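Peer 1: Below is the structure, and that's it, no one-letter string:
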């Protein structure tokens, strides 16, 4: 049985510790950097050239003072005069090469991560999406990965360059005068621990920020998708209050993250000031006493000032890098979620000869539910016949439909199609033989033609004349009674229908869904409250289209409007997770049981939807 909790990313503090952070970074590189290693290597070489040219600039200050100014050596004047612009040119070219290579690799790695995350999400079970708000998942794909992109393309680039530059300058300082180096660098170890602690705090704050951003995205999705309900129920003020509360939390979290960065910068500024002061005092004393030359002292000060910038940036980058690590932590929480419904290795594909369906002693218990959803349900749906499931809310009707589609597995019992246990066949081979039409029709951004052909088996190119996909779509639209409104659209089948088909009425969307199912031409048809939200006139047209769609197919219908299933071969009445009555409409009415009471009570009106 699928446990949504087992698949739900757990919010909270990211993995603590620098070692854990670097493990996450290394894991991300192993997962995404494969095609991009040549660019990363080129960027690494360019980083070394940037570092070397920066150190060379400091080195040239010694002969500039000792040989050119003091000794007035004309040869060294030309060496220094040409060497300095050469060093700066090398640094500029190398910096460009490094940024271009690392930027290209970074964007590629984020694109790889985004594609992998999307594919992984599509492979997770229905229970995962029931347990996680869509806005939160969208935030992970867009907001989190945009943050990661910024971390890689700015922080990652600067981190490598500044570390290489700092190492080269420290080596330069030690070679010039190791005593001055010890004095100048003595203060910085005292700053390292506070800066690292601030980085860990930034990581925690960023985790909270990303979590709040996901909740804000989910709230926006709910409010915009339910805008009619919000307006009619007079709750815009309440929604604004909800938004204000989350925006306040976002503001606080963002400020805390930025404040952490500012504290790091402050500590490094103070340390740099103390370091330069100590070097000037001690170095000046050594020059006065003859322990070093003015050129060496000037070159040392130059190198120390050049080292100050990467030290300061590394302090800031530590906090920014931890933001990226927090995003990686959230990313891998999703990628580590595993689907419960998996294919059996080397399992044979489903072979459908007639499409007969059988449920044998099926028992379903949902996690944390007080009572089972299904209790010992046995049901036969002969090939080519229509069976309808009716009953009060919570009776288990939709659970049966989800079992047949293997959107969940039974706790015990079996679901068979043509005698084959569907748990023993690949999922794609099962879904290839099933078409689904639901109450809440899902249409996609694109044209009418593209949405109808979404149901076509295999890849589809509408421009490919063989087979004639447009002719197939037009035939399906005629059978679905959709041609009248499609031809009335501005560009017919080539009309863009808008996000989720919001430019179409409910009946029009429903008929497009039926046309999509007709194009798929699957032997098994599942209808989940397919006419529940329609007015009576539209319902009759859609019902007629559904009957044409169901001809020759094994059809399972979940319905709450009894008049729509009156013609089913068998009607199964469910209550409390069991089938308590079954038979044709007239026989069930004559029995005087639950179905008869429902029929008499509604006369074609509505049983509360499940």
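Peer 2: Structure received. Remember, predicted model here, so these are calculated numbers, not experimental data. Numbers count the residues shown, from 1 in each chain.
Peer 1: any idea how far residue 408 is from residue 371?
Peer 2: 17 Å (Cβ to Cβ, to the nearest Å). All C-beta atoms are positioned from the backbone trio N, CA, C, and that covers glycine.
Peer 1: higher neighbour count, those two?
Peer 2: residue 408 (19 against 10; other Cβ atoms under 10 Å).
Peer 1: Look up phi and psi at that one.
Peer 2: Main-chain torsions, residue 408, degrees, to the nearest 10: phi -150, psi 160.
Peer 1: how is the chain carved up into domains?
Peer 2: 7-335, 347-433+564-610 (automatic domain parsing).
Peer 1: could you dump these to JSON lines with mean pLDDT?
Peer 2: Output for the domains of the chain, formatted as JSON lines (pLDDT from 0 to 100):
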{"stretch": "domain 7-335", "mean pLDDT": "77"}
{"stretch": "domain 347-433+564-610", "mean pLDDT": "87"}
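Peer 1: Turn those into TSV, columns for distance to residue 511.
Peer 2: Formatted as TSV, the domains of the chain follow (distance: least, Cβ to Cβ, whole Å):
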stretch	distance to residue 511
domain 7-335	22
domain 347-433+564-610	15
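Peer 1: So which of those is nearest residue 442?
Peer 2: Closest to residue 442 of these, according to Cβ to Cβ: domain 7-335, at 12.2 Å.
Peer 1: Is residue 363 in a helix, a strand, or coil?
Peer 2: strand (DSSP: H, G, I helix; E, B strand; the rest coil).
Peer 1: number of nearby residues for residue 541?
Peer 2: Neighbours of residue 541 using other Cβ under 10 Å come to 18.
Peer 1: What values do phi and psi take at it?
Peer 2: Here residue 541 shows phi and psi, under degrees, to the nearest 10, equal to phi -70, psi -40.
Peer 1: Would you mind giving me the confidence score for it?
Peer 2: Reported pLDDT at residue 541 in the predicted model: 78.
Peer 1: I'd guessed it sits against residue 505; true?
Peer 2: No: using Cβ atoms under 8 Å, residue 541 is not in contact with residue 505, being 11.7 Å away.
Peer 1: Starting from residue 208, give me the distance back to residue 252.
Peer 2: Counting by Cβ to Cβ, the gap from residue 252 to residue 208 is 9 Å.
Peer 1: who has more neighbours, the two?
Peer 2: Ranked by neighbour count (other Cβ under 10 Å), residue 252 and residue 208 place residue 208 first, with 19 against 14.
Peer 1: Quick check: the more buried one vs residue 320, distance?
Peer 2: Distance, residue 208 to residue 320, by Cβ to Cβ: 16 Å.
Peer 1: correct me, but residue 61 touches residue 299?
Peer 2: Yes: if you go by Cβ under 8 Å, residue 61 and residue 299 touch, sitting 3.9 Å apart.
Peer 1: who has more neighbours, those two?
Peer 2: Taking other Cβ under 10 Å, residue 61 and residue 299 do not tie; residue 299 has more neighbours (25 against 22).
Peer 1: show me the contacts for that one.
Peer 2: 58, 59, 60, 61, 62, 65, 176 (Cβ atoms under 8 Å, 6 or more residues apart in numbering).
Peer 1: Which parts of the stretch 451-600 of the chain are helices?
Peer 2: For the stretch 451-600 of the chain, applying DSSP state H, counting those that start in this stretch gives helices covering 469-479, 483-488, 506-520, 536-550, 585-591, 594-602.
Peer 1: out of those helices, nearest to residue 350?
Peer 2: Closest among the helices of the stretch 451-600 of the chain, using Cβ to Cβ: helix 506-520, at 15.1 Å.
Peer 1: Rounded mean pLDDT for that closest one, please.
Peer 2: Helix 506-520 comes out at a mean pLDDT of 86.
Peer 1: elements contacting it?
Peer 2: Judged by 3 or more Cβ pairs under 8 Å, 6 or more residues apart in numbering; DSSP states H and E, the packing partners of helix 506-520 are strand 434-438, helix 448-452, helix 469-479, helix 536-550.
Peer 1: Out of the ones you listed, which gets nearest to residue 288?
Peer 2: Each of the helices and strands packed on helix 506-520 was scored for nearness to residue 288 using Cβ to Cβ, and the closest is helix 448-452 (82.3 Å).
Peer 1: what's next to the closest one, contact-wise?
Peer 2: 443-444, 462, 469-470, 473, 476-477, 486, 489, 492-495, 497, 501, 512, 515-516, 519.
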